[in-house]
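[1] Fold the following and give me the result.
(2 chains)
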Number of protein chains: 2
Amino acid sequence: MRATAATAPQQATTAEREDALSTLSALVAEDLAACNRVIMTRMQSPVALIPQLAAHLIAAGGKRLRPMLTLAAARLCGYPDVPGGQRHVILAACVEFIHTATLLHDDVVDASTLRRGQATANALFGNEASVLVGDFLFARAFQLMVEDGTLEVMAILSAASATIAEGEVLQLMTQNDTATTEAQYLEVIEGKTAALFAAAARLGAIVADRPAADKDALETYGRALGTAFQLVDDALDYAAEQARLGKTVGDDFREGKITLPVLLAFARGDDAERSFWRRTLEDGRQDPGDLAEAQALLARHGALDETIDRARAYGDQALAALAGFPDGPIRRSLADIVAFCIARAR
Amino acid sequence: MRATAATAPQQATTAEREDALSTLSALVAEDLAACNRVIMTRMQSPVALIPQLAAHLIAAGGKRLRPMLTLAAARLCGYPDVPGGQRHVILAACVEFIHTATLLHDDVVDASTLRRGQATANALFGNEASVLVGDFLFARAFQLMVEDGTLEVMAILSAASATIAEGEVLQLMTQNDTATTEAQYLEVIEGKTAALFAAAARLGAIVADRPAADKDALETYGRALGTAFQLVDDALDYAAEQARLGKTVGDDFREGKITLPVLLAFARGDDAERSFWRRTLEDGRQDPGDLAEAQALLARHGALDETIDRARAYGDQALAALAGFPDGPIRRSLADIVAFCIARAR
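    Predicted coordinates for the structure are as follows:
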C-alpha cells in the first residue's frame, strides 16, 4: 500500500498517491483533532465577524497539510516521549493561523473570487474585513507561540512570516514582467510557499528537542516539498480542469503572474510567441482564445512537463532528507506526501 | 515652561502645549536617534519595494509618539541603569513597526488617499503592496521582539496586536450603523488606538524590571492618553482645517464612521436630525453641504465640546497614573504630552 522513500514518486499508482493524504491524516488523527479544537477555540473573539470570517476559510476544509507536517514531524522525532505533550498541537494551530492569514491577504491582493471551489472571504465579506481578520489571525498565532514559550519557535515563525511577505511582494514586483528570471521565480515560491512548509516541518524536531542535524533535515524536507508543491500548482494552473483543484484554470495567466511554465516557453519561443506573451501578460490585453493559445505554446515547448520534472527533482531532495530518520509508518507517510504533491499533476 | 502634572490640561498655554512634543523629543533625543537607526536598518529587504514603500510612511515624519512613550517610560523607570542598555530602543522600533503596519492596512481599508497631507502608500504603490508590506513590518516587529528575547514583551505586543485588529474589525462592523452604542465606540478606540499606547508605555517599566504596580500605572497612563488622543482626533475630523492635521476634514463623515460626536448629536437630535444622520451615514447618500449641516448639528448639541471634555477626563486619568513616579523632566514631559494631545482641539 505504501511506497518506500526511494520509489514513491515513480511507482506508486494514482490511487495510492491520492490516498497519501488520508493515510497521514489517519496516522496523526488524534493530534489533528486536538489541533482543530485549538483552531476553533482560538479563532474566537467577542467581535462576531472575526470567527464568522475565519470559519469560512478554516472550516471550509483545507487539506491542513502544513499543520499535519508539524504533527507528523514531531511524531517522527518521538514527541511526545511522555504522554500529554501538546506543544506540537499548539504549534500546528499556529502554522495554520499564519497560513490562513496569508490566504486571506492573498485573495485580496489577487482580487480572487474563488478558492477551493467556494466564494473567497473577500468576495463574501469584503476586502476590508479580509485584511483585518488576517491581521487578527496573525497576531493570534503569535499569542499561541507565546503560550508555547520558546524563543527558538518564535524566531523561526517570525522569520518565516517575514519571508512569506517578501516572497509575496517580489511576486507583485515580477507580475506582468516577462524579463523575470528563474532565480527570481524561485525566490518568490521559496517565500510564498516553501518557507512555511520548511518552518512547519522543523517545528516537529524542535518540540522533540532533537539535534540541529535533525532540525535541518526536516526543514530541508519541508522546503523541498513546498517548492515541489508550488511548481506543480503553477503547472496545474494551465493544465487541470477547474473542479479538480477547486480553482479556475488560467488564474495566473489572467493575473499576469510569471511562473516557471511561462518562463520556459518564453525563453524557447520565437519572436511572434514572445510578442504573444508580452501582449497577454505584460500589457494585460487578453482576447478569448488566448488561454488556449498559451496552453498550446506551453505544450509545444514541453514547459509543463519540464516544470513537473523540476518538481520531481525537489521531491527527490525531500525524500533524501528523510533518510536519516527511522523507517516506519510516519516516515513512509511523509514520503508518500511527496508523491501525492507531484501526482496532482497527472 | 512646563506645566506640572496637576495643572497641565487647564493652564498651559497653546504654545507651551505644542512645545510638549519637541520637549519630549529633546529629552529622549539620543534614544530616538538610535531608534530611528534601528527602524531604517530593519525595514531593509532585498525586495526593493519593501524599503521604498516603508520609507514613504516611516521617513515621512510621523510624530513618533508611540515609540517615544516607550523610550520616555523606560527613562522614567531608570532604565538603563548601566550604560549601554538598548532594550527600550529595540522595543520602541517594534512599536513603530506595528503602528506603521496598521496604518498601511487602515489606509487600504478606508481607501484613504491622504495621510499627514501626503499621498498615502496605497494611493502611490497600490493596495496590494500596502497589504503585503504591512505584513512584512508586522513580521519584522516580531523578529525584533525575538532579539529582545523575553516572553513578557512578546505576550504584551502580540495581545496588543490582536486587540488592534479586533478594534478595527469592530469599527468596520459599526460603520454606517447609527445604532452603535457608546460602549461599542469605546471598544473600537480602545482597540484601534489605546491598546498600542498602553503597551508602548508598559514596555518602559518592563525593560526596567519594575514591580507590577509600576507596569500597571504606565499601562494606565498609555491607555488613557491613547483614548484621549483618539477622542480628540474624532472631534477634529469635524472641526479643524485640513492643513492643521494634514488630513481632509470630514473623512469619518464620508466613510460613515460612527464616532462619539455623531453618537451624541444623534442621541440628542429630533426626528428630522436622525433622518439626516441615517441618510448620510447609514445609506451613504451625501449631498454637497451635508458636511456643513453635520457640523452645524454637532455645534447645536455641543457634541464636539463634550467629546473634548471626555478626552480631558481621560487626560486626567493619565496624569493621575504618573503620580507615583519621581518628579523630574521626564515625568513633567509625559504630563505635557497629555496636554498636547488635548490642545490639538483648540
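[2] So which bits of the stretch 151-300 of chain A are right by chain B?
    Proximity of the stretch 151-300 of chain A to chain B is confined to A:151, A:154-155, A:158-159, A:161-162, A:164-166, A:168-170, A:172-173 under the rule Cβ under 8 Å from any Cβ of the partner chain. Placement of C-beta: from N, CA and C, glycine included.
[3] which of those are buried?
    Buried positions within those, assessed by neighbour count (16 or more other Cβ atoms under 10 Å in any protein chain shown), are A:151, A:154-155, A:158-159, A:161-162, A:164-166, A:168-170, A:172-173.
[4] Lowest mean pLDDT among the helices and strands of chain A, which one is it?
    The weakest-scoring helix or strand in chain A, judged by mean pLDDT, DSSP states H and E, is helix A:8-11 (a mean of 41).
[5] Point to the residue nearest the middle of chain A.
    The centre of chain A sits closest to A:Thr193, judged by Cα atoms, centre = their mean, with a distance of 4.7 Å.
[6] give me every residue that touches that residue.
    When contacts are counted by Cβ atoms under 8 Å, 6 or more residues apart in numbering or on different chains, A:Thr193 is found next to A:Gly167, A:Gly226, A:Thr227, A:Phe229, A:Gln230, A:Asp233.
[7] Does the first one touch A:Gln184 like I think?
    Right, the one you point to is A:Gly167. No: using Cβ atoms under 8 Å, A:Gly167 makes no contact with A:Gln184, being 10.5 Å away.
[8] between these two, who's got more neighbours?
    Applying other Cβ atoms under 10 Å in any protein chain shown to A:Gly167 and A:Gln184 shows that A:Gly167 carries more neighbours, namely 24 against 16.
[9] Could you verify that the more buried one is part of a helix?
    Yes: for A:Gly167, which was evaluated using DSSP: H, G, I helix; E, B strand; the rest coil, the result is membership in a helix.
[10] Please tell me the pLDDT value assigned to A:Thr120.
    We note a pLDDT of 85 for A:Thr120 in this prediction.
[11] Which residue is the nearest non-sequential neighbour of it?
    If the residues on either side of it in the chain are set aside, A:Thr120 comes closest to A:Asp107, at 4.4 Å by Cβ to Cβ, 6 or more residues apart in numbering or on different chains.
[12] Kindly report the same for A:Val153.
    Closest residue to A:Val153 apart from its sequence neighbours, by Cβ to Cβ, 6+ apart: A:Met145 at 5.6 Å.
[13] Tell me where the stretch 1-150 of chain A has strands.
    Assigned by DSSP state E, counting those that start in this stretch, the stretch 1-150 of chain A shows strands spanning A:114-115, A:118-119.
[14] Identify whichever of those lies nearest to A:Ala217.
    When the strands of the stretch 1-150 of chain A are ranked by proximity to A:Ala217, the top entry is strand A:114-115, at 32.4 Å, counting by Cβ to Cβ.
[15] is it true that A:Leu124 touches A:Leu57?
    No: taking contacts as Cβ under 8 Å, A:Leu124 lies outside contact range of A:Leu57: 10.1 Å.
[16] so how far is stretch A:180-190 from its chain's centroid?
    Mean-position distance between stretch A:180-190 and its chain equals 16 Å (Cα atoms, centre = their mean, to the nearest Å).
[17] and it, which residues are buried?
    Within stretch A:180-190, the residues that count as buried by 16+ other Cβ under 10 Å are A:Thr180, A:Gln184, A:Tyr185, A:Leu186, A:Glu187, A:Val188, A:Ile189, A:Glu190.
[18] Need the CA coordinates for that stretch. PDB is fine.
    As requested, the backbone C-alpha atoms of stretch A:180-190 are provided in PDB (Å, rounded to 0.1, in the frame of the first residue of the first chain):
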ATOM      1  CA  THR A 180      11.700  37.900 -14.700                       C
ATOM      2  CA  THR A 181      14.500  35.400 -14.100                       C
ATOM      3  CA  GLU A 182      14.100  31.800 -13.000                       C
ATOM      4  CA  ALA A 183      16.100  32.800  -9.900                       C
ATOM      5  CA  GLN A 184      13.600  35.400  -9.100                       C
ATOM      6  CA  TYR A 185      10.700  33.000  -9.600                       C
ATOM      7  CA  LEU A 186      12.400  30.500  -7.300                       C
ATOM      8  CA  GLU A 187      12.800  33.300  -4.700                       C
ATOM      9  CA  VAL A 188       9.000  34.000  -5.000                       C
ATOM     10  CA  ILE A 189       7.900  30.400  -4.400                       C
ATOM     11  CA  GLU A 190      10.500  29.900  -1.700                       C
END
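[19] Run through who's touching it.
    Under the contact criterion Cβ under 8 Å, 6+ apart, stretch A:180-190 has outside partners A:163, A:167, A:170-171, A:174, A:223, A:226-227, A:230-231, A:234, A:258-260, A:263.
[20] low-scoring pLDDT stretches of chain A, where are they?
    Along chain A, the parts satisfying pLDDT under 70 run over A:1-18, A:60-61, A:116, A:240-247, A:345-346.
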